[in-house]
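Novice: give me coordinates for this.
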Amino acid sequence: MQSDTSEAAISNPGSRVDSRYKWVALSNTTMGALIVTIDGTIVIISLPAIFRGIHVDPLSPGNTTYMLWMIMGFLIVTAVLVVSLGRLGDIYGRVRVYNLGFLVFTVFSILLSITWMHGSGGALWLIAMRIGQGLGGAMLMANGPAILTDAFPSHQRGLALGIMNVAGVAGSSIGLVLGGMLAPVSWRLIFLVSVPIGALGTLWSYLRLKDIGDHRAARIDWLGNATFAVGLIAIMVAITTGIRPYGHHAMSWTSPTVMAEFAIGFALLALFGVIETHTAEPMLDLRLLRIRAFAGGNIAQLLTALARGGLQFTLIIWLQGIWLPEHGYAFSQTPLWAGIHMLPLIGGLLLAGPVSGILSDRFGQRAFTTAGPLLSAASFLLLIRLPVNFSYPVFAVLLAISGIGAGLFVAPNRAAVMNCLPPRQRGVGGAMATTFQNSGQVLSIGIFFSLLLVGLASRLPGSLYRGLVGGGVTHAAASHAAHLPPVTTLFATFLGYNPVRSPLGAHALAALSRAQAARLTGRTFFPHLLSGPFGAGLTEAFGFAAIVCVLAAGASWLRGGRYEWARAPGEAAHGEHGVLAVEGEQLAATVAPLATDGSVT
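Specialist: Modelled structure (predicted):
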């Protein structure tokens with residue numbers, strides 16, 4: 001099999017870069033992946049401190065939108081813009097766009113930490129700066145995998161992409177712990193902590209990274225960019241709106257606003273598909289989906305993200321709302337300890353990710369990308385069988401199994417996707433894979449929240465009303481607290497607020513005896529009431545995740561054998577033609593047009 005010019009540039013003396021460059025690229029892109037994913041979750045744990053700092057109550061019905069956009073805005077921006085920025089990397093140079101991403105991310109991290117406004121103005125400032133931070137993160141995520149693919153030969157890409165992707169996935173859990181540690185000191189530290197890393201990454205990337213991949217001048221598909229961005233944003237906005245209450249309904253999925261947002265989003269994405277098939281230089285080359293390995297890998301990526309994107313949120317609510325209070329932890333301390341108790345999930349990822357990357361480079365990716373989702377599905381089914389008030393060693397083992405399942409999948413799948421791409425398409429192809437992942441994560445959060453809310457909406461109001469009345473609360477106050485939107489109760493447990501003190505209010509508590517108030521606001525009263533309704537929601541959410549993981553395993557298996565792109569024999573470095581090698585058999589393919597019809601095996 002012939003290697004592309006970027007591989008030759010690393011392995012042959014006198015080439016454009018020496019053999020050490022690939023490790024420079026790996027260390028820098030790993031730093032980029034880590035800082036982006038840490039900042040994707042560090043805000044979650046820190047929201048109470050952030051909103052107290054700007055004097056906004058996140059549990060007030062009118063402020064729920066601020067909280068949702070602080071969580072989801074960053075993810076939405078990375079999902080929407082990553083393909084466009086990957087395309088820009090293909091045109092103008094991946095390292096150039098990547099370097100700018102580090103700089104943009106660092107600047108907006110500084111702007112987040114120097115907020116001087118309070119109230120709604122402060123919340124809107126943070127949301128806007130968070131979106132700007134997401135823009136920088138999207139630049140890094142769009143071009144990092146392509147830079148690594150250019151830098152590493154095919155027999156080492158699984159290891160390289162595995163290290164970078166495991167760092168990214170682990171960063172989401174590290175962010176939870178780091179936020180829990182820094183927020184009590186100062187909410188500004190959760191943004192400032194990124195500045196030294198971002199500054200180092202910016203300087204290092206400008207000095208050491210080199211554009212060794214293929215790229216050429218081309219026109220930007222502005223109409224395609226606009227329809228894709230607006231369409232995807234409309235769908236993401238519909239999801240974030242859908243989990244909020246509507247009238248007398250616990251959620252807004254049937255509201256005219258949400259239905260209109262979904263309709264606009266899907267219509268614009270359909271128009272985007274038409275535009276891309278009639279544009280000479282499309283933003284998103286849909287012909288790449290005719291490569292079966294690429295299409296299958298992205299379908300599997302989307303499905304695993306759908307299954308796992310809401311997992312951390314669900315586990316945090318489970319730990320913070322029920323298990324930790326029942327085991328002696330104060331509600332104000334549960335955010336930090338929830339992150340600590342989820343460390344086995346990171347351990348499984350760190351164990352399986354690099355190992356699966358190394359082994360898949362040698363034996364092929366198919367077995368790992370199929371076994372990983374199946375192992376994750378098994379962990380979800382076992383979590384369903386676990387009592388709500390579980391034994392932690394058993395819980396830790398299941399988290400480790402879930403992390404191992406994710407680690408087995410992530411690196412081999414990304415390597416398989418990147419290996420089958422023509423060199424000039426690696427930026428946009430890698431960005432497409434990231435878009436599938438990020439879109440699936442945002443969709444998953446909405447689905448998991450919705451399934452949990454279904455269980456809470458049907459059972460929690462009655463359980464809470466009876467418990468409060470039995471505890472001495474007046475019927476009127478108990479009815480008011482019991483009929484608050486379930487999303488408010490869910491967010492109270494999620495943010496580490498006392499889930500009875502906050503909705504019941506100081507006036508109702510003042511009417512009780514000291515013993516009664518202590519019992520209702522203690523560590524066991526609300527977790528006991530929440531256990532039954534929450535358990536029903538867990539069954540729905542984890543059952544959905546298990547089914548989707550099995551479908552992801554099927555998509556991985558049906559992608560076929562091992563695909564690797566190589567230059568066509570005798571072709572110039574910047575030629576358009578190439579071959580897809582499938583387990584030793586070479587099949588003709590071209591970049592424009594692609595000859596692979598999806599039936600290659």
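
Novice: look up the closest residue to the residue located most distally from the centre of the chain, ignoring the ones flanking it.
Specialist: Farthest-out residue of the chain from its mean C-alpha position, per Cα atoms, centre = their mean: Ser513, at 46.1 Å. Spatial nearest neighbour of Ser513, excluding adjacent residues (Cβ to Cβ, 6 or more residues apart in numbering): Gly472 at 7.2 Å. No exception for glycine: its C-beta is placed from N, CA and C like everyone else's.

Novice: is the one you found in a helix, a strand, or coil?
Specialist: For Gly472, the assignment made with DSSP: H, G, I helix; E, B strand; the rest coil gives coil.

Novice: got a pLDDT number for the residue farthest from the centre of the chain?
Specialist: pLDDT recorded at Ser513 is 84.

Novice: pretty sure it is touching Arg519, no?
Specialist: No - taking Cβ atoms under 8 Å as the definition, Ser513 is not a contact partner of Arg519, at 9.5 Å.

Novice: put the alpha carbons of the helix or strand Val274 falls within into PDB.
Specialist: Using DSSP states H and E, Val274 maps to helix 256-277. What follows is helix 256-277, C-alpha atoms only, in PDB (Å, rounded to 0.1, in the frame of the first residue of the first chain):
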ATOM      1  CA  PRO A 256     -46.600  25.800  18.700                       C
ATOM      2  CA  THR A 257     -43.200  27.500  19.300                       C
ATOM      3  CA  VAL A 258     -41.300  24.300  19.600                       C
ATOM      4  CA  MET A 259     -43.100  22.700  16.600                       C
ATOM      5  CA  ALA A 260     -42.400  25.700  14.500                       C
ATOM      6  CA  GLU A 261     -38.700  25.700  15.500                       C
ATOM      7  CA  PHE A 262     -38.400  22.000  14.500                       C
ATOM      8  CA  ALA A 263     -40.200  22.600  11.200                       C
ATOM      9  CA  ILE A 264     -38.000  25.600  10.300                       C
ATOM     10  CA  GLY A 265     -34.900  23.600  11.300                       C
ATOM     11  CA  PHE A 266     -35.700  20.500   9.300                       C
ATOM     12  CA  ALA A 267     -36.800  22.500   6.300                       C
ATOM     13  CA  LEU A 268     -33.600  24.500   6.200                       C
ATOM     14  CA  LEU A 269     -31.500  21.300   6.500                       C
ATOM     15  CA  ALA A 270     -33.400  19.700   3.600                       C
ATOM     16  CA  LEU A 271     -32.700  22.900   1.600                       C
ATOM     17  CA  PHE A 272     -29.100  22.600   2.600                       C
ATOM     18  CA  GLY A 273     -28.900  19.100   1.200                       C
ATOM     19  CA  VAL A 274     -30.400  20.300  -2.200                       C
ATOM     20  CA  ILE A 275     -27.900  23.200  -2.300                       C
ATOM     21  CA  GLU A 276     -24.900  21.000  -1.600                       C
ATOM     22  CA  THR A 277     -25.700  18.700  -4.400                       C
END
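
Novice: run the chain-centre distance for it.
Specialist: 23 Å (Cα atoms, centre = their mean, to the nearest Å).

Novice: same check on stretch 339-355?
Specialist: That offset, for stretch 339-355, works out to 16 Å (Cα atoms, centre = their mean).

Novice: confirm Tyr206 sits in a helix?
Specialist: Yes - counting by three-state DSSP, Tyr206 is located in a helix.

Novice: from Gly134, how far off is the residue lying closest to it once chain neighbours are set aside?
Specialist: Spatial nearest neighbour of Tyr206, chain neighbours left out: Asn99 (5.3 Å); criterion: Cβ to Cβ, 6+ apart. Distance of Asn99 to Gly134, given as Cβ to Cβ, to the nearest Å: 18 Å.

Novice: between those two, who's got more neighbours?
Specialist: Gly134 (27 against 24; other Cβ atoms under 10 Å).

Novice: for the closest residue to Trp187 other than its chain neighbours, give me its contacts.
Specialist: Nearest non-adjacent residue to Trp187, counting by Cβ to Cβ, 6+ apart: Ala49, 4.1 Å away. Applying Cβ atoms under 8 Å, 6 or more residues apart in numbering, we find Ala49 in contact with 183-184, 186-187, 190.

Novice: which of these are buried? Put it as a PyMOL command.
Specialist: In PyMOL, this line selects whichever of those come out buried by 16 or more other Cβ atoms under 10 Å:
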select buried, resi 183+184+187+190
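
Novice: out of the contacts of Ala49, which one sits closest to Leu386?
Specialist: Ala183 (29.2 Å; Cβ to Cβ).

Novice: the closest one touches Ile45, doesn't it?
Specialist: Yes - between Ala183 and Ile45 there is a contact under Cβ under 8 Å: 6.5 Å.

Novice: returning to what we had before: ok, and what's touching the helix holding Val274?
Specialist: Here helix 256-277 has contacts from 221, 223-224, 227-228, 230-235, 237-238, 241-242, 246, 252, 282-286, using Cβ under 8 Å, 6+ apart.

Novice: are any of those residues buried, and which?
Specialist: Of the contacts of helix 256-277, these count as buried by 16+ other Cβ under 10 Å: 221, 224, 227-228, 230-235, 237-238, 241-242, 246, 252, 282-285.

Novice: from those residues, which ones fall inside strands?
Specialist: Judged by DSSP state E, strands contain none of the buried ones among the contacts of helix 256-277.

Novice: not counting its neighbours along the chain, what's nearest His55?
Specialist: Using Cβ to Cβ, 6+ apart, the nearest residue to His55 is His118, at 4.6 Å.

Novice: contacting residues around the one you found?
Specialist: His118 neighbours (Cβ under 8 Å, 6+ apart): 54-56.

Novice: mind putting the residues you listed into a markdown table with secondary structure and pLDDT?
Specialist: Below are those laid out as a markdown table (DSSP: H, G, I helix; E, B strand; the rest coil; pLDDT from 0 to 100):
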| residue | secondary structure | pLDDT |
| --- | --- | --- |
| Ile54 | coil | 89 |
| His55 | coil | 86 |
| Val56 | coil | 83 |
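
Novice: now the buried members of these.
Specialist: 54, 56.

Novice: flag every buried residue along the helix holding Val274.
Specialist: For helix 256-277, by 16+ other Cβ under 10 Å, it's 258, 261-262, 264-265, 268-269, 271-272, 275-276.

Novice: tell me which of the residues you listed is nearest to Ala352?
Specialist: Once Cβ to Cβ is applied, the member of these that ends up nearest Ala352 is Leu269, at 34.3 Å.

Novice: how close does the closest one sit to Trp222?
Specialist: In terms of Cβ to Cβ, Leu269 sits 17 Å off from Trp222.
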